[in-house]
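**Student:** sequence first, then the predicted structure, then my questions.
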Amino acid sequence: MHIMADALLITLAFVLSYLVRYQLEWPYPVEEQYDAPFTPYIPYTIILNVLCLLMFGLNGLYAPQRRRRVTNQLFGIVNGTATSIVILMALTFGLQPLVYSRGMMILAGVLIVFFLSVFRLIDYLFVLQQRRNKIGVARVLVIGVGEVGLAVIRTILADPMLGYHVVGYLDDDPAKGNGLGRIKSLGSIDKLSSIIKEESVDVVIVALPWMYHRKIMQIIEACEVAQAQVRVVPDVFQRSLRGVDLDSLNGIPLMSPVVDRLTPGGRFAKRTIDLVLSVLAMVMLIIILPLVALLIKIDSKGPIFYRQERVGKDGKMFMFYKFRTMIDGADLMKDQVAHLSKYQGDTLLKVPNDPRMTRVGRLLRRFSIDELPQIINVFRGEMSWVGPRPNTPDEVSKYEPWQRKRLSVLPGITGLWQVSGRSDIPFAEMCLLDIFYIEDWSLSLDLRILLQTIPHVIFGNGAY
C-alpha cells in the first residue's frame, strides 16, 4: 500500500512542479526557446519514481515492523528524496538532454517530501486511533512477571503504536496473583493451553529467567500446538535490553548493564528546559490568576490555593501547590467517599463525579488549570514538567518494593500516565508507565509527552 501511494504522490509532485515552472512560470519567467511540453519529462518521472522507491526501501521505510517512528520515517523520506534528486541531476548533467530544468527537479523534491510527510502523518494518526480502539491489535499473554516481564508490560502500555494489548499474565508465584491494575493474573503457567484458547491469544511473550530453560521449551511447544506466536525475551541481567550496552570483541558479543540513562548532562538539559518553560508559563499564571481566584472565592468558602505535603525525589518532602477544586476540608472526608473509588483497594483514591468537588473545581480539573501553580514547584527544583506524579506520604507507605523506583527522579506535572488516560489508569499501571519513562528517558521522550499532553488537556480525557 505504501509503495503504491508513494509512487502516486511522487508522480503528482513531479507533474505539479512542471505546472508551477512552465505554466505558472514561477519563480521567474520561462524564455520561449526553453518552453517545453510535459511529454519529454515522462522518462524523468519514471526514473525519479524508481530512484525514490529504491532509496526509501534502503532507508527502511517499507520494512515490516510493528511500529515505525514517525521521525525515522520523515528522516528516511528527506534522505531518500534528496539522494534521488541529486542522482537525477547528475544524470542530466552527464547526458545533457535537450529538455531539462534543474529548478523544476528541486521543486519536485520539495513537493515529494511535503506530500509523503503529510501522508505518513495522516497514516500515523489513523493507525494510532485504530490501535486505541483495539483494531488490528494483537492480544498478548505474558509469562512471568519478574523484572523482565514487568519491563515487557510497561513497554506495551507506554506505546500503543506497537499494536499489542496485554490480556493478562501467567506466573507460578502465588504472591503475584493479584494482577497489575487492569492487567489480570490468569493463574499458573500450566494453564497456558486453555488460556490461549479462552482469551483468544495471538502472541505469547515468555519472560522467564533462563534457569527455567526446560520450562521455556515446553511453553514454546504448547504455543506451536495452540497456533499462537511465541516470543522469548533474553534474560540479560534481569533487565530490559534498553538497559544493556552491546559491544563486540572480534565477533564475541559483550554485554554490560547501563546504570542510568539520565546522565549529569541529561539532568542539566532537562533542568534548563524546565526553567525556560516555567518562566514562559509564569506569564500565563499571572494573567489568569485574578480570574481563577475570583471564581474560586465566589463558588465556595476556603483558600484559593490547595497546599499539601508530597513525597519527591529520593523521598524528600516538599509543599505541593494547586488551585483548590474541592470544598474546604475535603481531605478529612476521604473515608466517606472511598466506596465511590473507581478502583477499589487501589493505592490512589479516584472518584468520578466526586461529591467533594466544587462547580468551578470541575471546570479547572477538566482542563488541568488547577495544576498551573505547580509551575512554582518546577521553578524551585522540587518538580519537573515531565515525570511521575507525586504522592502523599500515606500513599507512598503503601508502595510495593518495585513501585518505589518512581521516587528515583523528580516528580512531574505531566507524564506518560497523563497521555495514556490520566485518572482512568489504575495505580499499578501508572507505576509501570513511570518506570518505563525512567528507564527509557530522553529529551525527545519528554518533548513527545509534552506535545501529547496538549490534546489530552484540551479534550479533558480522563480528568476528574
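**Tutor:** Structure's in. What do you need?
**Student:** what segments of the stretch 51-200 of the chain are strands?
**Tutor:** In the stretch 51-200 of the chain, strands defined by DSSP state E, counting those that start in this stretch lie at 138-143, 164-170, 184-185, listed in chain order.
**Student:** I should have written the stretch 201-350 of the chain there, sorry.
**Tutor:** According to DSSP E, counting those that start in this stretch, the strands that the stretch 201-350 of the chain contains are 203-206, 229-232, 244-249, 252-257, 305-311, 317-323.
**Student:** so V140 makes contact with V206?
**Tutor:** No: between V140 and V206 no contact is recorded; they are 11.3 Å apart, counting by C-beta atoms under 8 Å. No exception for glycine: its C-beta is placed from N, CA and C like everyone else's.
**Student:** next, give phi and psi for the residue nearest the centre of the chain.
**Tutor:** When the chain is reduced to its mean C-alpha position, the closest residue under C-alpha atoms, centre = their mean turns out to be D159, at 5.0 Å. Backbone torsions of D159, given as degrees, to the nearest 10, read phi -140, psi 90.
**Student:** and the pLDDT for it?
**Tutor:** Taken from the predicted model, the pLDDT recorded for D159 is 83.
**Student:** check the gap between it and L74 for me.
**Tutor:** Counting by C-beta to C-beta, to the nearest Å, the separation of D159 from L74 is 18 Å.
**Student:** please apply the same query to S188.
**Tutor:** As defined by C-beta to C-beta, S188 lies at a distance of 46 Å from L74.
**Student:** likewise K316?
**Tutor:** Between K316 and L74 the computed distance is 41 Å (C-beta to C-beta).
**Student:** okay, these two: which has more neighbours?
**Tutor:** The residue with more neighbours, out of K316 and L74, is L74; 15 against 11, by other C-beta atoms under 10 Å.
**Student:** can you show me the helices along the stretch 351-464 of the chain?
**Tutor:** Under the criterion DSSP state H, counting those that start in this stretch, helices of the stretch 351-464 of the chain are mapped to 359-366, 374-379, 393-396, 416-419, 427-439, 443-459.
**Student:** what's the closest of those helices to A90?
**Tutor:** helix 443-459 (34.5 Å; C-beta to C-beta).
**Student:** got the angle between that closest one and helix 359-366?
**Tutor:** The directions of helix 443-459 and helix 359-366 differ by 140 degrees, with axes from the mean of the first three to the mean of the last three C-alpha atoms, to 10 degrees as the criterion.
**Student:** now helix 443-459: mean pLDDT?
**Tutor:** Across helix 443-459, pLDDT averages out at 84.
**Student:** contacts for it?
**Tutor:** The set of residues external to helix 443-459 that reach it, using C-beta atoms under 8 Å, 6 or more residues apart in numbering, is 71, 266, 269-270, 273, 367-368, 385-386, 414-416, 418-419, 422, 437, 461-462.
**Student:** same thing but at 6 Å, please
**Tutor:** Residues external to helix 443-459 that are found in contact with it (C-beta atoms under 6 Å, 6 or more residues apart in numbering): F367, S368, V386, T414, Q418, V419.
**Student:** only C-alpha atoms, please: export it in CSV.
**Tutor:** Output in CSV follows, covering the C-alpha atoms of helix 443-459 (Å, rounded to 0.1, in the frame of the first residue of the first chain):
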residue,chain,number,x,y,z
LEU,A,443,14.8,14.7,25.8
SER,A,444,12.8,13.5,22.7
LEU,A,445,10.6,11.4,25.0
ASP,A,446,10.0,14.5,27.2
LEU,A,447,9.1,16.5,24.1
ARG,A,448,6.7,13.8,22.9
ILE,A,449,4.9,13.7,26.2
LEU,A,450,4.6,17.5,26.4
LEU,A,451,3.2,17.7,22.9
GLN,A,452,0.8,14.7,23.5
THR,A,453,-0.4,16.4,26.8
ILE,A,454,-1.9,19.3,24.9
PRO,A,455,-4.8,17.5,23.2
HIS,A,456,-5.5,15.5,26.3
VAL,A,457,-5.8,18.7,28.3
ILE,A,458,-8.0,20.4,25.6
PHE,A,459,-10.4,17.4,25.4
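**Student:** buried stuff in that helix?
**Tutor:** Within helix 443-459, the residues that qualify as buried are L445, D446, R448, I449, L450, T453, H456, V457, counting by 16 or more other C-beta atoms under 10 Å.
**Student:** for S117, see how far away R21 is.
**Tutor:** R21 sits 22 Å away from S117 when distances are taken as C-beta to C-beta.
**Student:** who's more crowded, these two?
**Tutor:** R21 (20 against 16).
**Student:** tell me how many other residues crowd the residue lying closest to I296 once chain neighbours are set aside.
**Tutor:** Distance criterion C-beta to C-beta, 6 or more residues apart in numbering; nearest residue to I296, sequence neighbours excluded, is I304 at 5.3 Å. By other C-beta under 10 Å, 14 other residues sit near I304.
**Student:** check D274 too.
**Tutor:** 23.
**Student:** so it versus L289, what's the distance?
**Tutor:** Look at D274 and L289: by C-beta to C-beta, they are 21 Å apart.
**Student:** repeat for F14
**Tutor:** Applying C-beta to C-beta to F14 and L289 gives a distance of 55 Å.
**Student:** the more surrounded of the two?
**Tutor:** Applying other C-beta under 10 Å to F14 and L289 shows that F14 carries more neighbours, namely 24 against 14.
**Student:** break this structure into its domains for me.
**Tutor:** 2-132, 138-257, 264-459 (automatic domain parsing).
**Student:** quick check, pLDDT for Y28.
**Tutor:** Reading off the per-residue confidence, Y28 sits at a pLDDT of 71.
**Student:** secondary structure class for it?
**Tutor:** coil (DSSP: H, G, I helix; E, B strand; the rest coil).
**Student:** and the helices in the stretch 201-350 of the chain, which stretches?
**Tutor:** Secondary structure of the stretch 201-350 of the chain (DSSP H, counting those that start in this stretch): helices located at 213-226, 264-299, 334-337.
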